[in-house]
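**Q** A predicted structure for the sequence below; I have some questions about it.
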There are 2 protein chains.
Amino acid sequence: MARTQGSHSEITRPRVRAAALKLFAEHGYAAVSMRQIAREVGLQAGALYNYTPDKQDLLFSLMKAHMDELLAACSERVSQGDAMARLRAFVDFHITFHMGRADEIFIAYMELRNLTPENFETIEALRRSYENHLEAILAAGLSEGIFDVPDSKVTTLAVIAMLTGITTWYRPDGRLSPEEVSELYWNMVRKVVGA
Amino acid sequence: MARTQGSHSEITRPRVRAAALKLFAEHGYAAVSMRQIAREVGLQAGALYNYTPDKQDLLFSLMKAHMDELLAACSERVSQGDAMARLRAFVDFHITFHMGRADEIFIAYMELRNLTPENFETIEALRRSYENHLEAILAAGLSEGIFDVPDSKVTTLAVIAMLTGITTWYRPDGRLSPEEVSELYWNMVRKVVGA
């Protein structure tokens, strides 16, 4: 019995999270009820509480999972070579990671206001940690003497905003392939850092 | 009597809009009721309908007023000189216009999903019209032979995303003045367009 229940839970938990992600992105966190999430998954309202203590926990775990995945994938993909190679890898990574995650990005930015102060602090720390990844690359390029960046914090924020902007307009069936988009943005980022 | 009522309406209408803006930014459009907006202004729920037919009308008129103001101010401030002077003016304009309007920007991006299709089309057209303003400057710089931009549409979107990003981090009591921020971003935009 325990085995069956375990397997059942492993199937249902991701479906609960996917339903919450979809509904939060569509209507906004504040407008979505636990009852709606349960209905979307085909659960009784009460049964949903076997998978999550409350709506705040769902929002926080979605945002935290997104940031954890982003940080782990970034560390794996953006660690080899000199500052130039790492910057190129960062641009590529950031673009491809974000392209298929419009709902996650939308929520990551828009629902910060609905986190409890403690959860907000945790997510903000993860976000700063991601920004620090790029800032460290800029610092490395400065000390290697190949970048020209007057303010590495502002440049970091500007580059991330520029790259993340693709989620508001990129369409897979549009005129540009992911590789072409990445190449165009790399060309711009390279110029921004003066390399 | 007509005079008094007119004056009264001229005072109350902006208060209704300010209350809607504040509440939409705080809780999200879908989670805010007409009753809450009325309460915020100190009106009976029924009296609110003297100022607006419904919540959709409030959202649309807030977003449209924001875009109309943006376009008018941009046309006024960014029309003199060669492409380089106009690009410099555009960067300055975009940054200063957006700095004090965090709620408006937040709603302009966040609540697009809650517009009716017809209203969405209107707002999208205004947004494209703003983008075209920058794209025309890039085209002018290309034909003057002073800019190097492989894809002026993508560059337009990238520059706007980069500049608008300041609304997520800029604080008036932080380490940088608006002029310093503008100078840092101008330095980056100039490099992006290869000038």
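**A** Noted; the coordinates are in hand.

**Q** can you name the residues of chain A that neighbour chain B?
**A** Residues of chain A lying close to chain B (C-beta under 8 Å from any C-beta of the partner chain) are A:26-31, A:109-110, A:113, A:150-151, A:154-155, A:157-162, A:164-166, A:168-169, A:176, A:181, A:184-185, A:187-188, A:191-192, A:194. Glycine gets a C-beta too; all of them are placed from N, C-alpha and C.

**Q** give me that answer again for 7 Å
**A** For chain A, the residues in contact with chain B (C-beta under 7 Å from any C-beta of the partner chain) are A:26-28, A:30-31, A:110, A:150-151, A:154-155, A:157-158, A:161-162, A:165, A:169, A:184-185, A:187-188, A:191-192, A:194.

**Q** so, low pLDDT: which residues of chain A?
**A** A:1-7 (pLDDT under 70).

**Q** rerun at 90
**A** For chain A, residues meeting the criterion pLDDT under 90 lie at A:1-11, A:26-28, A:30-31, A:45, A:79-80, A:100-110, A:113, A:168, A:195.

**Q** give me the contacts around the helix or strand encompassing residue A:86.
**A** According to DSSP states H and E, residue A:86 maps onto helix A:83-99. Outside of helix A:83-99, the residues within contact range by C-beta atoms under 7 Å, 6 or more residues apart in numbering or on different chains are A:70, A:73-74, A:77-78, A:105, A:134, A:137, A:140-141, A:144, A:146-147, A:163-164, A:166-167, A:170, A:178, A:181-182, A:185-186, A:189, A:193, A:195.

**Q** quick one, helices of chain A?
**A** Under the criterion DSSP state H, chain A contains helices at A:2-27, A:34-41, A:55-77, A:83-99, A:102-110, A:117-143, A:152-164, A:178-192.

**Q** that older thread, what's the offset of the helix holding residue A:86 from the middle of its chain?
**A** Distance of helix A:83-99 from the chain centroid (C-alpha atoms, centre = their mean, to the nearest Å) equals 14 Å.

**Q** same check on stretch A:174-189?
**A** For stretch A:174-189, the separation from the chain centroid amounts to 19 Å (computed by C-alpha atoms, centre = their mean).

**Q** ditto for stretch A:31-50
**A** 25 Å.

**Q** pull out the buried positions in that stretch.
**A** A:31, A:32, A:34, A:37, A:38, A:40, A:41, A:43, A:48 (16 or more other C-beta atoms under 10 Å in any protein chain shown).

**Q** that older thread, list only buried entries from the residues of chain A next to chain B.
**A** Buried residues within these, counting neighbours by 16+ other C-beta under 10 Å: A:27-28, A:30-31, A:110, A:151, A:154-155, A:157-158, A:161-162, A:165, A:184-185, A:187-188, A:191-192, A:194.

**Q** now residue A:9: how far from residue A:135?
**A** According to C-beta to C-beta, to the nearest Å, residue A:9 and residue A:135 sit 40 Å apart.

**Q** give me the more crowded residue out of these two.
**A** residue A:135 (18 against 12; other C-beta atoms under 10 Å in any protein chain shown).

**Q** what sits against that one?
**A** By C-beta under 7 Å, 6+ apart, the residues touching residue A:135 are A:152, A:153, A:156.

**Q** and residue A:123, how many residues sit next to it?
**A** By other C-beta under 10 Å, 19 other residues sit near residue A:123.

**Q** buried sites along stretch A:59-75?
**A** A:59, A:60, A:61, A:62, A:63, A:66, A:67, A:70, A:74.

**Q** repeat that for stretch A:140-155.
**A** A:140, A:141, A:142, A:147, A:149, A:151, A:152, A:153, A:154, A:155.

**Q** domain-wise, how is chain A divided?
**A** Domain segmentation of chain A under automatic domain parsing yields A:1-52, A:54-192.

**Q** mind putting those domains in CSV, distance to residue B:15 included?
**A** Shown next, in CSV, are these (distance: least, C-beta to C-beta, whole Å):
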stretch, distance to residue B:15
domain A:1-52, 23
domain A:54-192, 23
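
**Q** how about the ones you listed, which one is nearest residue B:119?
**A** domain A:1-52 (17.3 Å; C-beta to C-beta).

**Q** CA atoms only: put stretch A:135-144 into CSV for me.
**A** Extracted in CSV, the C-alpha atoms of stretch A:135-144 (Å, rounded to 0.1, in the frame of the first residue of the first chain):
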residue,chain,number,x,y,z
GLU,A,135,29.1,40.0,-12.2
ALA,A,136,32.0,37.6,-11.5
ILE,A,137,32.5,37.0,-15.2
LEU,A,138,32.6,40.8,-15.8
ALA,A,139,35.1,41.1,-12.9
ALA,A,140,37.2,38.4,-14.4
GLY,A,141,37.2,40.1,-17.9
LEU,A,142,38.1,43.4,-16.2
SER,A,143,41.1,41.8,-14.5
GLU,A,144,42.1,40.0,-17.7
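
**Q** so how far is that stretch off the chain centroid?
**A** Stretch A:135-144 has its C-alpha centroid displaced from the chain centroid by 23 Å (C-alpha atoms, centre = their mean).

**Q** repeat that for stretch A:163-179.
**A** Distance, stretch centre to chain centre, for stretch A:163-179: 16 Å (C-alpha atoms, centre = their mean).

**Q** ok, now stretch A:22-37?
**A** Remark: stretch A:22-37 is offset 19 Å from the chain centroid, using C-alpha atoms, centre = their mean.

**Q** would you mind measuring from residue A:44 to chain B?
**A** The spacing between residue A:44 and chain B, counted by C-beta to the nearest C-beta, to the nearest Å, is 24 Å.
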